[in-house]
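In: Predicted model and sequence below, questions to follow.
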Amino acid sequence: MKTPQQIFELMYNNDPFSKLLGMKLIEITDGYCKLHMQVTEQMLNGFGIAHGGITYALADSALAFASNAKGIQSVSIETSINHLSKVALNDILTATTEEKNSTSRTALYFINITNQNHTVVAIFKGLVYRTGKEW
């Protein structure tokens, strides 16, 4: 069976969107992932703050990497996000996963998105389906 790092590398190397947004891995273990990225001008909306899809995308990638790190191919089946604070140009965002429940077929994760000041700017909840197929 592949290690969490090997699975991350396989996934990330075939993930042009996460690369496009500049996501970088901080840590990965079974069921856990920590990513970060910097907000660029291209990520801003008409209000001059980060588009909500930016925090969503970061959390969604963290969910994918964390849930797959357990060695079974997993896909999201339900996700939601709460935006708690604005995200500005040049903010450094960090997504940290927490596995809340895991069975042979599903797993529930909460992901906190914080900025460089350790302020929680968004909370994401994701449910994944475990396909049963090993990496």
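Out: Thanks, I have it.

In: Every contact and neighbour count from this point should use C-alpha atoms.
Out: OK.

In: biggest strand in this protein, by residue count?
Out: Looking across the chain with DSSP state E, the single longest strand is strand 120-134.

In: Tell me the helices and strands packed up against that strand.
Out: helix 52-68, strand 72-83, strand 106-114 (3 or more Cα pairs under 8 Å, 6 or more residues apart in numbering; DSSP states H and E).

In: Of these, flag the one that's most buried.
Out: Looking across those with neighbours counted as mean count of other Cα atoms under 10 Å, the highest average goes to helix 52-68: a mean of 24.

In: report the angle between the axes of that one and strand 72-83?
Out: 150 degrees (axes from the mean of the first three to the mean of the last three Cα atoms, to 10 degrees).

In: What sits closest to the most centrally placed residue in the chain if chain neighbours are left out?
Out: Central residue check for the chain by Cα atoms, centre = their mean: the C-alpha nearest the mean position is that of residue 62, 2.0 Å away. Spatial nearest neighbour of residue 62, chain neighbours left out: residue 33 (5.8 Å); criterion: Cα to Cα, 6 or more residues apart in numbering.

In: Which one, of the helices and strands packed on strand 120-134, ends up nearest to residue 92?
Out: Among the helices and strands packed on strand 120-134, the nearest to residue 92 by Cα to Cα is strand 106-114 (8.2 Å).

In: From the rest of the structure, what touches that closest one?
Out: For strand 106-114, contacts defined as Cα atoms under 8 Å, 6 or more residues apart in numbering pick out 55, 59, 62-63, 67, 93-102, 120-130.

In: and the nearest residue to residue 108 once chain neighbours are set aside, what does it touch?
Out: With Cα to Cα, 6+ apart as the criterion, residue 108 has its nearest non-adjacent residue at 4.6 Å, and that residue is residue 127. If you count contacts by Cα under 8 Å, 6+ apart, residue 127 has them with 76-79, 106-109.

In: pLDDT wise, what is residue 127 at?
Out: pLDDT for residue 127: 98.
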